[in-house]
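1. Below is the structure, and that's it, no one-letter string:
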């Protein structure tokens with residue numbers, strides 16, 4: 001009984017490593033969750049065509065649609081012809097659902113930088 005009591009006292013005085021980790025506060029960040037999600041999405045460096053179509057293209061289309069709405073008052077979904085007239089030729093594939101320009105079998109971060117630069121020109 002005496003030994004059991006001493007072990008219980010020792011356990012209460014010094015929690016295990018597991019208990020200390022379990023009690024550790026989660027990482028606190030001032031960064032918006034949307035920004036962290038975008039960083040995870042765009043942080044791969046290289047994207048297969050399928051990854052591009054399912055993960056990257058929707059974000060780029062939303063970005064282009066937002067630029068069209070802000071700078072020209074055009075809704076991409078409601079007036080795709082007017083939108084097409086305002087989109088630089090290098091971005092037509094994006095609003096028309098075509099293949100992205102890539103220097104190889106995958107779309108790279110460098111390819112995406114070029115696309116975002118074109119979107120900013122809208």
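-> That came through, no problem. Treat the numbers as computed from the prediction; the structure is a model and nothing was measured. Residues are numbered from 1 along each chain as shown.
2. Every contact and neighbour count from this point should use C-alpha atoms.
-> Noted.
3. End to end on stretch 84-95, go ahead and measure it.
-> Using CA to CA, to the nearest Å, the end-to-end distance of stretch 84-95 comes out at 7 Å.
4. now what about that stretch, what contacts it?
-> For stretch 84-95, the surrounding residues in contact (CA atoms under 8 Å, 6 or more residues apart in numbering) are 57, 60-61, 68, 80, 98-100, 115, 118-119, 121-122.
5. rerun that using 6 Å as the cut-off
-> Outside of stretch 84-95, not a single residue reaches it under the criterion CA atoms under 6 Å, 6 or more residues apart in numbering.
6. what does stretch 55-69 give?
-> Residues from elsewhere that reach stretch 55-69, judged by CA under 6 Å, 6+ apart: 74, 75, 76, 119.
7. element containing the closest residue to residue 99 other than its chain neighbours, please.
-> Leaving out its chain neighbours, the residue that sits closest to residue 99 by CA to CA, 6 or more residues apart in numbering is residue 93, at 6.1 Å. Using DSSP states H and E, residue 93 falls within helix 92-96.
8. Buried ones in that helix, by neighbour count?
-> For helix 92-96, the buried set under the neighbour-count rule, 16 or more other CA atoms under 10 Å, comprises 92, 94, 95.
9. for stretch 106-118, same thing?
-> Counting neighbours by 16+ other CA under 10 Å, one finds that the buried residues in stretch 106-118 are 106, 107, 108, 111, 112, 115, 118.
10. re earlier: after the helix holding residue 93, heading C-terminal, what element do we hit next?
-> If you walk from helix 92-96 toward the C-terminus, the next helix or strand you reach (DSSP H and E) is strand 107-108.
11. residue ranges of the helices in the protein, please?
-> Applying DSSP state H to the chain gives helices spanning 2-13, 17-23, 33-42, 49-51, 57-72, 80-86, 92-96, 109-120.
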